[in-house]
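**Student:** predicted coordinates and the sequence they were generated for:
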Amino acid sequence: QVQLVESGGGLVQAGGSLRLSCVCSRRTASIYYMAWFRQAPGKEREFVAVTGWRGVTTYYSDSVKGRFTISGDNAKNTMWLQMNTLKSEDTAVYYCAAKAGRITSSLTAGSEYDFWGQGTQVTVSS
């Protein structure tokens, strides 16, 4: 079983930056993709960004493209999300997710992922 632990959330003013981290409990060759999702109060969970665990593929939602950067270090079992130029609409609980095996639908779908972290709160004040 893979456990994911997020950290780095907090309160920041609009225009500021935060860096989220996600650590996997153990290295596994079966993990191919790592992603970030977020869920704001009263809203559905939404895709933020995904990276291939070997760093080949990255993809962002339109709402964060150009402001957020996803990266990962397989050797350290760690993934990051650098968030710049934060907006109040970025306020949400951010979740780390890991996918093992082949893609069955879409990497932007939460149902595609096999393991989830507990989430870290990001609050952006305007």
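**Tutor:** Received the coordinates, thanks.

**Student:** nearest spatial neighbour of the residue nearest in space to the middle of the chain, skipping sequence neighbours?
**Tutor:** Centroid-nearest residue in the chain: Trp36, 1.8 Å away (criterion: C-alpha atoms, centre = their mean). Among residues not flanking Trp36 along the chain, Val48 sits closest, at 4.2 Å (C-beta to C-beta, 6 or more residues apart in numbering). Bear in mind the C-beta positions are built from the backbone N, C-alpha and C, glycine included.

**Student:** burial count for that neighbour?
**Tutor:** 24 (other C-beta atoms under 10 Å).

**Student:** need the contact list for Val12.
**Tutor:** Counting by C-beta atoms under 8 Å, 6 or more residues apart in numbering, Val12 makes contact with 18, 86, 122-125.

**Student:** before we move on, the earlier item: from memory the residue nearest to Trp36 sits against Phe68, does it?
**Tutor:** Yes: under the criterion of C-beta atoms under 8 Å, Val48 makes contact with Phe68 at 6.8 Å.

**Student:** any stretches of the chain with poor pLDDT?
**Tutor:** 54-56 (pLDDT under 70).

**Student:** kindly recompute the last result at 90.
**Tutor:** 1-2, 25-32, 52-57, 72-77, 100-105 (pLDDT under 90).

**Student:** I'd assumed the residue nearest to Trp36 was in a strand, is it?
**Tutor:** Yes: using DSSP: H, G, I helix; E, B strand; the rest coil, the secondary structure at Val48 is a strand.
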